[in-house]
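Novice: need coordinates for the below:
(3 chains)
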Amino acid sequence: MRLAEVVEALEAEVLVGRELLERQAPAAGASDVVSDLLFFGRPGMVLLTGLTRASMIRAAELADVAAVVIVRGKRPEDEAVELARELGMPLLVSPHSLYDCCGRLYVRGLPGPIPACRRAESEEDS
Amino acid sequence: MLGGGFFLAGRASGEVKRRLGETGLARELARRVVIATYEAEMNICIHAISGDVCVSVEGKGATVVATDRGPGIADVEQALVPGFSTASEKARELGFGAGMGLTNMQRCADSFKIESEVGCGTTVQMEFRPRPTDSEEKPG
Amino acid sequence: MTVAEAAGALGLEVLTGQPNLGKTITGACVSDLLSYVMGSAKAGNLWITIQVHPNVVGVGELLDLAAIVVADGQDPETATLENARQHGVTIMKSRDTAFVVAGRLYALGVT
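Specialist: Below is the predicted model of the structure:
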């Protein structure tokens, strides 16, 4: 799904990355815990989160997240917006709840992250 | 109530919820008191050395006073900004420290007062009155 | 939809609160931030999270949530399960990630 479609599905405001909306996202994941999102396991994912700090943007970049959507209409802190700009990380804000955002993307066919049980298997194989 | 630990956190609020159920307070009002009490209790557990939360019911309303002994808050205005938190990384990993505790209290209470002294502690005083948006339904 | 129906439809493993599976689900909340859940989840909601520590039980009980679903195959701590049994809180587990649990519930019409 193109990020432009994610924007439409989530009725999101684009704070950073308006020029990057043709980027493809293979999956989406929901997390409010920084150390959890690091394990999403699919490069290029859309992160749906209620976190608003720069530390979340930093972790998203480490996890190869392709775009961050902050939910519930929450405003990211200024440092988070600046860091997103610096890293070229699209940053969106959706007025909808995390649950609704998950639902809206799921019913449009976007898969989720690699579940922990399958991550363990793929680590054993490699 | 002892601070610095999460394990017992929430028990006091649970007790408050049970007792409020016996008072016949309107359900929505009781819910707002419970949420605010929980946030006060969590702040004590996360930040303070020890504290007390006192809940009293008067007629159709209630008052909650939370007093703690602890580091206090250096900049109260900043602490009231939604999203601001001084909680540790560990606390955040557990889902605390989102910086919404005081915000939740302000939203739930009909009057909210906070006073703090660095090196001493913090007191939060909240009053709850029936709102037009509360339903008349009593807890079942 | 009741908790039992959701458990069946989503393949959830019921860990505690078996007597309460007839509760009707009023909506759902996905969050790992306890204060967020305290401030916005409604009585009868299903709460989807990866938090496994005992404090989730307090939230479930205080808000009269229908159940807590721990996602991504995470195992609630022993103290969490004991706490839940003591307070009559239903905890279920899913191997799916929070995104997928939420998506499937949403697709079933829970809003």
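Novice: use CA for all of it now, contacts and neighbours both
Specialist: Fine.
Novice: which strand or helix spans residue 105?
Specialist: Assuming you mean chain A. Using DSSP states H and E, the element containing A:Leu105 is helix A:98-106.
Novice: you looked at the wrong chain, it should be chain C
Specialist: helix C:98-107.
Novice: closest to the centroid, which residue in chain A?
Specialist: With distances taken as C-alpha atoms, centre = their mean, A:Leu47 lies nearest the centre of chain A, 1.5 Å away.
Novice: give me the nearest residue to residue 2, chain neighbours excluded.
Specialist: Answering for chain A, as no chain was given. Residue nearest to A:Arg2 in three dimensions, not counting chain neighbours: A:Gln24, with 4.4 Å by C-alpha to C-alpha, 6 or more residues apart in numbering or on different chains.
Novice: you looked at the wrong chain, it should be chain C
Specialist: C:Thr24 (4.3 Å).
Novice: got the contact list for that neighbour?
Specialist: Listed by C-alpha atoms under 8 Å, 6 or more residues apart in numbering or on different chains, the contact partners of C:Thr24 are C:Met1, C:Thr2, C:Val3, C:Gly44, C:Ala66.
Novice: same thing but 7 Å
Specialist: C:Met1, C:Thr2, C:Val3, C:Gly44 (C-alpha atoms under 7 Å, 6 or more residues apart in numbering or on different chains).
Novice: likewise C:Ala107?
Specialist: A:Gly103, A:Val107.
Novice: how much space separates the residue nearest to A:Arg2 from A:Ser31?
Specialist: According to C-alpha to C-alpha, to the nearest Å, A:Gln24 and A:Ser31 sit 20 Å apart.
Novice: more crowded one of the two?
Specialist: A:Ser31 (25 against 18; other C-alpha atoms under 10 Å in any protein chain shown).
Novice: for the more buried one, what are phi and psi?
Specialist: phi -160, psi 140 (degrees, to the nearest 10).
Novice: count the neighbours of B:Ala12 for me.
Specialist: By other C-alpha under 10 Å, neighbour count at B:Ala12 equals 17.
Novice: quick one: which helix or strand includes it?
Specialist: helix B:11-23.
Novice: before we move on, what about A:Pro26?
Specialist: Using DSSP H and E, A:Pro26 falls outside every helix and strand.
Novice: for it, give me its contacts.
Specialist: A:Met1, A:Gly44, A:Met45, A:Leu110.
Novice: tell me how many other residues crowd the third one.
Specialist: Counted with other C-alpha under 10 Å, residues neighbouring A:Met45 total 25.
Novice: give me the angle between the helix or strand hosting C:Glu5 and helix C:98-107.
Specialist: Assigned by DSSP H and E, C:Glu5 belongs to helix C:3-10. On the basis of axes from the mean of the first three to the mean of the last three C-alpha atoms, to 10 degrees, helix C:3-10 is oriented at 110 degrees to helix C:98-107.
Novice: which residue sits closest to the one residue in chain B that gets nearest to chain C in space, ignoring its chain neighbours?
Specialist: Relative to chain C, the nearest point of chain B is B:Gly95 (4.2 Å; C-alpha to the nearest C-alpha). Leaving aside its sequence neighbours, B:Gly95 sits nearest to C:Leu33 (C-alpha to C-alpha, 6+ apart; 4.2 Å).
Novice: so which residues on chain A come close to chain B?
Specialist: Proximity of chain A to chain B, by C-alpha under 7 Å from any C-alpha of the partner chain, involves residues A:Val33.
Novice: so where is chain A shaky, pLDDT-wise?
Specialist: Applying pLDDT under 70 to chain A picks out residues A:120-126.
Novice: the lowest-mean-pLDDT helix or strand in chain B and chain A, are they touching?
Specialist: When each helix and strand of chain B is scored by mean pLDDT, DSSP states H and E, helix B:89-93 comes last, with a mean of 85. Yes: residues of helix B:89-93 are located near chain A by C-alpha under 7 Å from any C-alpha, namely B:Glu93.
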